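> Here's my sequence, what's the structure:
(one chain, ligands or ions: 2)
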Amino acid sequence: MALEESFGNVSTELTETIISLHVTRRKFQPPMSVVSSEESEKELCCICRDEYDEGLDIGRLVCGHEYHFCCIKQWLFHKNDCPICKRTAIKL
Ligand SMILES: [Zn+2]
Ligand SMILES: [Zn+2]
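Ligands and ions are numbered 1, 2, ... in the order given. Modelled structure (predicted):
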């Protein structure tokens, strides 16, 4: 049963509190470019493939990779690694 499975993993399960402590959180501020003739490279969240919008919460892992905070939080509930470089995201 699924219930027993989740009980077996309790010790390694990441909680929201642990994630919040280890993921650096900030508000996204678009780069201040007064005039940009060329299309500047948009940063994308690799989890949902969407752009960062101004004011959204961004979460940065220890490896330096950034995602939407809500995306990386959901990701870490399932897998404790970085979606890009596969390094362990949170060392407990
Ligand atoms: Zn995202
Ligand atoms: Zn990474």
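
> Residue 77 sits in which helix or strand?
Element membership for residue 77 (DSSP states H and E) is helix 69-78.

> And for residue 65, the neighbour number?
Around residue 65 there are 16 other residues, counting by other Cβ atoms under 10 Å. For the C-beta atoms, the positions are set from N, CA and C on the backbone; glycine is no exception.

> Name the nearest residue to it, ignoring sequence neighbours.
What sits nearest to residue 65 in space, not counting adjacent residues and going by Cβ to Cβ, 6 or more residues apart in numbering, is residue 84, at 4.9 Å.

> count of neighbours near the one you found?
Applying other Cβ under 10 Å, we find 14 other residues in the vicinity of residue 84.

> So it is in contact with residue 66, correct?
No. Contact criterion Cβ atoms under 8 Å: residue 84 and residue 66 do not qualify, at 9.6 Å.

> re the thing from before, show me what the helix holding residue 77 is packed against.
For helix 69-78, the packing partners by 3 or more Cβ pairs under 8 Å, 6 or more residues apart in numbering; DSSP states H and E come out as helix 16-22, strand 57-60.

> residue closest to the middle of the chain?
residue 72 (2.8 Å; Cα atoms, centre = their mean).

> hang on, that one packs against residue 23?
Yes. Using Cβ under 8 Å, residue 72 makes contact with residue 23 at a distance of 6.2 Å.

> Residues that sit against both of these two, list them.
Counting by Cβ atoms under 8 Å, 6 or more residues apart in numbering, the shared contacts of residue 72 and residue 23 are 59, 61, 89.
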